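Q: Sequence and predicted structure below; questions after.
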Amino acid sequence: MTIVKDINEYNSGMTEYEFFSFLYDKITAKEITTFSKLKEYTAPAMRDKWTHAVIMRAFQLLKRVNWGFFAAICPNTQKKLWKEMVIPDRDFPEAGDLKKTLQISNLYVAMLDIHGYTKFCMESRKNLSMMHTLDWAIENEVKRISTQCGVISQRERGDEMVVVAAGATDALMATLCIIDYFDKTEIVNDPSISTKRTGNAEALPAFKITAGITGGNTQSPLIITERGNLAGFLLNSGARLQTRANELSPQDSRIMIAKQVMMNYEKENKDNAAGKCILMQNDSIYFFDTGHIEFKGVMIPTCEVVFDKNERYKEKFAEDMTRLFGSIRENLWEQRIYQDLMELLTRVAQCMPKFTYTPPQPVHGMQTITNESYVQLCRLAMKAYCVNEDYYLAVDYLQQLLSISEKIPSFDRLVLDYLQGIKDKYQLLLDAFEKHIDKEVEEKASTIFHGDHYKTWNAAKNGAQIYEKLRAIGRKSKEITKKKNLWLNMLTQNKGKMEFTLYSGKK
């Protein structure tokens with residue numbers, strides 16, 4: 001009764017301006033926060049058709065005040081997203097209420113980050129116009145491109161961007177178009193989406209982008225807070241994938257996605273009556289299986305979106321990579337994992353661009369390491385482990401291959417990470433193996449060593465123990481003078497090595 005009386009009293013003889021001003025006060029005071037509430041409030045006035053346009057203007061204000069991230073969503077420019085995100089109103093089809101908790105399959109979140117943003121800002125301190133231009137591009141051009149792709153986006157904390165889409169294809173298209181704009185590339189080449197820079201933005205340098213995309217799974221809810229902000233596992237897992245992309249590619253653009261995104265992208269284009277999207281038509285991207293990453297106790301199957309033509313060679317060792325993933329999942333450490341790793345490294349060296357590396361010391365007589373000699377090292381390692389069962393030498397080969405791979409700029413970072421991880425596990429196994437062997441040698445020394453050799457064994461063992469004890473006593477002796485001076489001298493000589501900084505974030 002109070003609402004009806006209030007609006008009836010105010011409706012008597014008022015103008016459109018006065019009616020909107022009345023609603024403006026109610027919306028900004030948070031007395032009206034939803035469209036359903038707005039309709040209820042204005043029901044007595046809706047018998048006059050002229051009020052409908054005012055109500056729609058009030059709805060736009062209500063969106064801006066209460067819908068937060070989704071304030072810019074529109075049924076005309078983001079049709080699919082509007083359908084997924086908004087409970088439509090029967091009388092006002094272009095208005096409705098925003099859903100607050102979503103557990104639907106057709107929702108995707110992309111988290112994007114610009115490489116070199118902080119460095120650029122530092123270098124542009126004396127050229128503020130360039131900083132303002134970059135700021136303008138992030139604020140305006142990303143939103144323009146997102147709208148053309150049928151998605152919405154928002155800037156977060158300086159150089160971070162969040163994109164929300166209602167389809168895997170839309171999420172990938174928007175992400176690649178943003179990369180095209182900032183990196184001055186032509187991956188998408190869709191005439192309906194302009195990624196060319198104009199005006200002052202043309203003078204900006206090329207920026208690399210890393211991104212993580214997740215979604216398409218009813219088990220991953222996206223929560224919309226009362227203020228219209230985003231929260232939930234979907235957002236957090238997208239950020240985790242972006243971080244992984246940044247780890248794998250600190251210098252270049254890279255996109256990591258949940259495998260579900262790839263599967264839904266392929267399904268959308270297969271089922272699309274209008275035909276395949278331009279990315280699939282032009283074979284612009286390739287999905288490279290990158291295994292599982294763990295996030296808060298959940299294992300996420302992942303893929304890399306390969307869009308650089310120079311990296312399409314990864315297709316040639318994709319099966320070898322997948323085979324290694326399977327062996328790791330099944331814990332086949334006895335032989336399969338080592339063998340699969342060597343086969344993968346062999347294939348990588350055969351497929352990747354030509355390289356030449358000169359190590360500080362010859363490696364098994366090799367003065368320089370090329371693709372061909374790298375393959376030879378892999379074969380020697382395979383023989384050491386699988387044929388000769390020389391585990392010491394086999395693990396040593398892993399360390400050598402790791403050291404060499406780290407020095408090859410174009411070596412795939414994901415493969416390098418797996419080489420590092422597997423080497424560490426086999427080293428751990430070798431250390432345990434060595435302890436057991438040493439224990440058995442100790443127990444069987446009298447039968448392993450004969451005559452003078454056994455005497456030498458005992459003397460060496462006793463001598464080593466005595467030597468360590470005497471050296472410890474000697475270090476504390478008062479006969480060793482000027483210990484403090486020596487300590488300070490060592491600090492001076494190693495001052496550069498003693499610098500210590502806690503580092504966080506991307507480089």
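A: Sure, I can see it. Numbers count the residues shown, from 1 in each chain.
Q: for the chain, which spans come out with low pLDDT?
A: For the chain, the stretches flagged by pLDDT under 70 are 1-13, 101-105, 218-222, 226-228, 273-274, 483, 498-507.
Q: Spatially central residue for it, please.
A: Nearest residue to the geometric centre of the chain (CA atoms, centre = their mean): residue 242, 2.1 Å.
Q: give me the element it is part of.
A: helix 233-248 (DSSP states H and E).
Q: The very next helix or strand once past that helix packs against which elements?
A: Reading on from helix 233-248 to the C-terminus, the next helix or strand found by DSSP H and E is strand 254-258. For strand 254-258, the elements it packs on are helix 168-183, strand 209-215, helix 233-248, strand 298-306, judged by 3 or more CB pairs under 8 Å, 6 or more residues apart in numbering; DSSP states H and E. Where you see a C-beta, it was placed from the backbone N, CA and C, and this is true even at glycine.
Q: if we go to 10 Å?
A: Under the contact criterion of 3 or more CB pairs under 10 Å, 6 or more residues apart in numbering; DSSP states H and E, strand 254-258 touches strand 108-114, helix 168-183, strand 209-215, helix 233-248, helix 259-271, strand 286-295, strand 298-306.
Q: Pull the CA coordinates from the helix holding residue 242 and hand them back as PDB.
A: Provided in PDB are the C-alpha atoms of helix 233-248 (Å, rounded to 0.1, in the frame of the first residue of the first chain):
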ATOM      1  CA  PHE A 233      36.100 -21.700  -8.900                       C
ATOM      2  CA  LEU A 234      35.600 -20.800 -12.600                       C
ATOM      3  CA  LEU A 235      37.300 -17.400 -12.100                       C
ATOM      4  CA  ASN A 236      40.100 -18.800  -9.900                       C
ATOM      5  CA  SER A 237      40.900 -21.700 -12.300                       C
ATOM      6  CA  GLY A 238      41.000 -19.200 -15.200                       C
ATOM      7  CA  ALA A 239      43.600 -17.200 -13.300                       C
ATOM      8  CA  ARG A 240      45.500 -20.400 -12.500                       C
ATOM      9  CA  LEU A 241      45.600 -21.300 -16.200                       C
ATOM     10  CA  GLN A 242      46.800 -17.800 -17.100                       C
ATOM     11  CA  THR A 243      49.600 -18.100 -14.500                       C
ATOM     12  CA  ARG A 244      50.600 -21.400 -16.000                       C
ATOM     13  CA  ALA A 245      50.700 -19.800 -19.500                       C
ATOM     14  CA  ASN A 246      52.900 -17.100 -18.000                       C
ATOM     15  CA  GLU A 247      55.300 -19.700 -16.500                       C
ATOM     16  CA  LEU A 248      55.600 -21.500 -19.800                       C
END
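Q: I'd like the distance between residue 402 and residue 348.
A: With distances taken as CB to CB, to the nearest Å, residue 402 is found 13 Å from residue 348.
Q: for the chain, what's the longest helix?
A: helix 413-443 (DSSP state H).
Q: and the angle for that helix with strand 286-295?
A: Using axes from the mean of the first three to the mean of the last three CA atoms, to 10 degrees, one finds that helix 413-443 and strand 286-295 are set 50 degrees apart in direction.
Q: And residue 92, its phi and psi?
A: According to degrees, to the nearest 10, the main-chain angles of residue 92 amount to phi -120, psi 90.
Q: check contacts around it.
A: Contacts for residue 92 (CB atoms under 10 Å, 6 or more residues apart in numbering) come out as 35, 38-39, 52, 55-56, 59.
Q: same thing but 8 Å
A: 35, 39, 52, 55-56, 59 (CB atoms under 8 Å, 6 or more residues apart in numbering).
Q: and the closest residue in space to residue 229 that isn't next to it in sequence, how many neighbours?
A: Leaving aside its sequence neighbours, residue 229 sits nearest to residue 68 (CB to CB, 6 or more residues apart in numbering; 5.0 Å). Residue 68 has 17 neighbouring residues, counting by other CB atoms under 10 Å.
Q: any idea how far the next helix or strand after the longest helix of the chain is from the chain center?
A: Using DSSP H and E, the next helix or strand after helix 413-443 towards the C-terminus is helix 445-448. From the chain centre to the centre of helix 445-448 is a distance of 56 Å (CA atoms, centre = their mean, to the nearest Å).
Q: ok, and for the helix or strand following helix 445-448, which residues are buried?
A: Downstream of helix 445-448, the first helix or strand assigned by DSSP H and E is helix 452-475. Neighbour-count burial for helix 452-475 flags residue 457 (criterion: 16 or more other CB atoms under 10 Å).
Q: Which among the helices and strands packed on strand 254-258 is found nearest to residue 72?
A: Closest approach to residue 72 among the helices and strands packed on strand 254-258 (CB to CB): helix 168-183, 13.8 Å.
Q: thinking again about what came up before, now the helices and strands packed on strand 254-258 in a markdown table, with distance to residue 418?
A: Converted to a markdown table, the helices and strands packed on strand 254-258 look like this (distance: least, CB to CB, whole Å):
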| stretch | distance to residue 418 |
| --- | --- |
| strand 108-114 | 24 |
| helix 168-183 | 26 |
| strand 209-215 | 20 |
| helix 233-248 | 11 |
| helix 259-271 | 17 |
| strand 286-295 | 8 |
| strand 298-306 | 13 |
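Q: Tell me which of these approaches residue 447 most closely.
A: Using CB to CB, the nearest of the helices and strands packed on strand 254-258 to residue 447 is strand 286-295, at 47.3 Å.
Q: Compute the inter-axis angle for that closest one and strand 254-258.
A: Using the same axes, to 10 degrees: strand 286-295 against strand 254-258 is 70 degrees.
Q: what's next to strand 286-295, contact-wise?
A: Residues contacting strand 286-295 (CB under 8 Å, 6+ apart): 236-237, 240-241, 244, 256-257, 259, 262, 299-307, 312, 314-315, 318, 321-322, 325, 328-329, 414, 418.
Q: Whichever of the residues you listed end up buried, select them in PyMOL.
A: With 16+ other CB under 10 Å as the criterion, this PyMOL line picks the buried residues out of the contacts of strand 286-295:
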select buried, resi 236+237+240+241+244+256+257+259+262+300+301+302+303+304+305+306+307+314+321+325+328+414+418
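Q: re the thing from before, buried residues in the longest helix of the chain, which are they?
A: Residues of helix 413-443 classed as buried: 414-416, 418-419, 422-423, 426, 430 (neighbour count, 16+ other CB under 10 Å).
Q: what does stretch 356-371 give?
A: 357, 363, 369, 371.
Q: Using the three-state scheme, assign residue 23.
A: helix (DSSP: H, G, I helix; E, B strand; the rest coil).
Q: The closest residue to it other than its chain neighbours and residue 17, how far apart?
A: In space, and not counting its chain neighbours, residue 23 is closest to residue 58: 4.3 Å by CB to CB, 6+ apart. Per CB to CB, residue 58 is found 12 Å from residue 17.
Q: Please identify which of the two sits among more neighbours.
A: Each of residue 58 and residue 17 has its neighbours counted (other CB under 10 Å); residue 58 has more, 24 against 9.
Q: Against residue 65, how distant is the more buried one?
A: As judged by CB to CB, residue 58 and residue 65 stand 10 Å apart.
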